[in-house]
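# Build the 3D model from these lines:
(one chain, ligands or ions: 1)
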Amino acid sequence: MPSLSVFGAQWGDEGKGKLIDLLAQDADYVVRYQGGANAGHTVVVGGQKYVLHLVPSGILHPAKVNVIGNGVAVDPIKLLEEIEGLRARGIVVDGKNLRLSAGAHVIFEHHRLIDQCAERWRGEGRIGTTGRGIGPCYADKAARTGLRVCDLLDPSTRRARLRAALAEKNELLLQVHKEKALDLEGQLDQYTALAERLRPLVGDTGKEVRAAYRAGKRILFEGAQGALLDIDAGTYPFVTSSNTGPDGIAAGASFPPRQLDQILGIAKAYCTRVGEGPFPSEQKNAIGDKIREAGHEYGATTGRPRRCGWFDAVAVRYALDIAGADGWIVTNLDVLTGFPEIRAAVRYRVAGGETRDWPAEASSVERVEPVLTSRPGWTEDITGVRRYEDLPAAARAYVEWLEMEVGTPIRMLSVGPDRSQVIARGLKPW
Ligand code: IMP
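Next comes the predicted model:
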């Protein structure tokens with residue numbers, strides 16, 4: 001299987017970083033195609049923790065090509081900080097193992113400021129964004145007022161386009177948000193210097209990845225955020241501003257959709273969400289608090305405590321269905337150790353009865369009541385288990401129940417943060 005899409009099947013933070021890092025062992029290319037530094041992918045290798053925001057999670061393996069595709073919103077300040085942080089820890093990062101698409105849109109200071117100011121204006125309707133400028137950058141992309149990496153690297157284009165952008169954004173900052181205006185020359189100097197440092201990484205990454213696929217190389221597409229934060233399929237407007245699943249790959253990596261060979265979703269054995277918006281199986285009680293503490297559920301990017309709740313089979317079934325997933329991976333199973341009973345939402349109660357289907361509108365998701373069913377828990381430490389048959393019977397029964405409810409095969413289980421803490425089920429994905 002030379003191409004594999006791995007995406008989040010909940011509201012993000014499913015543990016994608018660790019799984020991508022693991023699957024990257026057998027990949028040649030690891031490609032990000034959407035999102036930006038709003039993502040926080042945590043990878044633990046030999047007890048050392050790495051939090052990656054923009055750099056694909058394959059960077060921790062030597063000789064893999066990591067690609068930031070044209071669909072990613074790139075903050076050059078954050079990207080360079082991340083690269084320098086990795087280098088300081090002895091990881092080689094250069095134009096051979098990290099490639100940046102010339103077509104990726106750039107996040108400027110005005111995007112971050114406007115993101116943060118816009119949240120204040122939203123009041124009660126605020127989204128709870130990461131404040132990283134993601135939404136405003138994608139808005140400019142759609143409005144055709146953004147600057148791509150190639151625009152920033154071209155002296156005449158960058159001046160003309162940034163002048164035009166700032167003329168409008170400064171009015172917005174001054175008049176609407178009561179902030180200070182940004183100085184064109186200062187911004188040009190700062191961002192040009194950043195772009196020049198990135199120049200050795202820049203190229204036509206779509207062409208490079210398509211050629212690699214044709215040459216039989218293994219391509220791993222790394223999704224950021226999750227299906228329920230997808231701008232089209234998620235709980236709009238409480239979503240991020242990109243297509244997070246395999247739906248984003250064709251446009252965001254310039255990769256032909258017919259050449260996507262395998263698709264795997266990732267979901268935690270329970271469920272979390274950061275930011276605002278509906279979350280039917282949320283537990284705003286001692287159970288939610290216990291999950292948060294056991295799973296260290298605090299945002300990798302913002303440090304915010306995550307909202308916690310039981311696994312939601314309706315939501316994951318929907319996420320895997322729209323992605324056409326071949327299978328899925330369950331993470332953080334070990335976090336549920338010690339719960340006397342473990343519950344999961346299997347249906348929703350809606351006006352007029354019960355449904356196994358995900359409602360089409362976020363406002364309806366807010367009104368559903370989850371139908372929770374339970375299974376007995378287990379007390380044995382499972383973090384050292386490596387074979388499925390060595391799991392306690394109650395843990396296996398829980399996993400098989402989730403698989404039955406979701407209706408798609410579970411291919412792997414994760415029982416701890418380290419690369420080694422996984423249990424394969426069935427065929428290896430590659
Ligand atoms: P934005 O992507 O910063 O615009 O935030 C939009 C919504 O997506 C907010 O609810 C964020 O908390 C959420 N979000 C963005 N990135 C992530 C992520 O990597 N994990 C989990 N939630 C995220």
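# Can you mark which positions in stretch 292-308 are buried?
Neighbour counts over stretch 292-308 (16 or more other Cβ atoms under 10 Å) mark 292, 294-295, 297, 299-302, 306-308 as buried. C-betas here are computed from N, CA, C, even on glycine.
# Helices along the stretch 101-250 of the chain, start to end?
Secondary structure of the stretch 101-250 of the chain by DSSP state H, counting those that start in this stretch: the helices cover 109-122, 134-143, 149-152, 155-171, 184-198, 205-214, 249-253.
# List the buried residues of the fourth one.
The reference is to helix 155-171. Quick answer for helix 155-171 (16+ other Cβ under 10 Å): 158, 161-162, 165-166, 169-170.
# Quick one: name the residues of the stretch 101-250 of the chain near the ligand.
127-130, 132, 134-135, 224-225, 229, 238, 240-241 (Cβ under 6 Å from any ligand atom).
# out of those, who has the most neighbours?
Ranked by the number of neighbours (other Cβ atoms under 10 Å), these place Gln225 first, at 31 neighbours.
# what pLDDT does that residue get?
pLDDT recorded at Gln225 is 97.
# again, but for the one 5 residues further on
Per-residue confidence at Asp230 stands at 98 (pLDDT).
# Find the residue closest to it in space, skipping its chain neighbours.
Thr244 (4.5 Å; Cβ to Cβ, 6 or more residues apart in numbering).
# hang on, that neighbour packs against Ala227?
Yes - contact status for Thr244 versus Ala227: in contact at 6.0 Å, counting by Cβ atoms under 8 Å.
# Overlap of the contact sets of these two?
7-8, 234 (Cβ atoms under 8 Å, 6 or more residues apart in numbering).
# how deep is the single nearest residue of the stretch 201-350 of the chain relative to the ligand tucked in, by neighbour count?
The ligand sits closest to Gly275 of the stretch 201-350 of the chain, with a gap of 2.1 Å, by Cβ to the nearest ligand atom. Gly275 has 22 neighbours, counted by other Cβ under 10 Å.
# With Arg87 instead?
Considering only other Cβ under 10 Å, Arg87 is surrounded by 12 other residues.
# what does Val44 give?
Number of residues near Val44 (other Cβ under 10 Å) recorded here: 17.
# Provide a list of residues in contact with it.
Going by Cβ under 8 Å, 6+ apart, the list of residues near Val44 reads 18, 50, 417-419.
# Could you point out which of these is nearest to Glu185?
Nearest to Glu185 among the contacts of Val44 is Tyr50, at 36.7 Å by Cβ to Cβ.
# element containing that closest one, please.
strand 48-52 (DSSP states H and E).
# rewinding a little: residue contacts, the residue of the stretch 201-350 of the chain closest to the ligand?
Here Gly275 is in contact with 127-130, 238, 304 (Cβ under 8 Å, 6+ apart).
# And Tyr213, by the same measure?
Contacts of Tyr213 by Cβ under 8 Å, 6+ apart are 2-3, 219, 255, 259.
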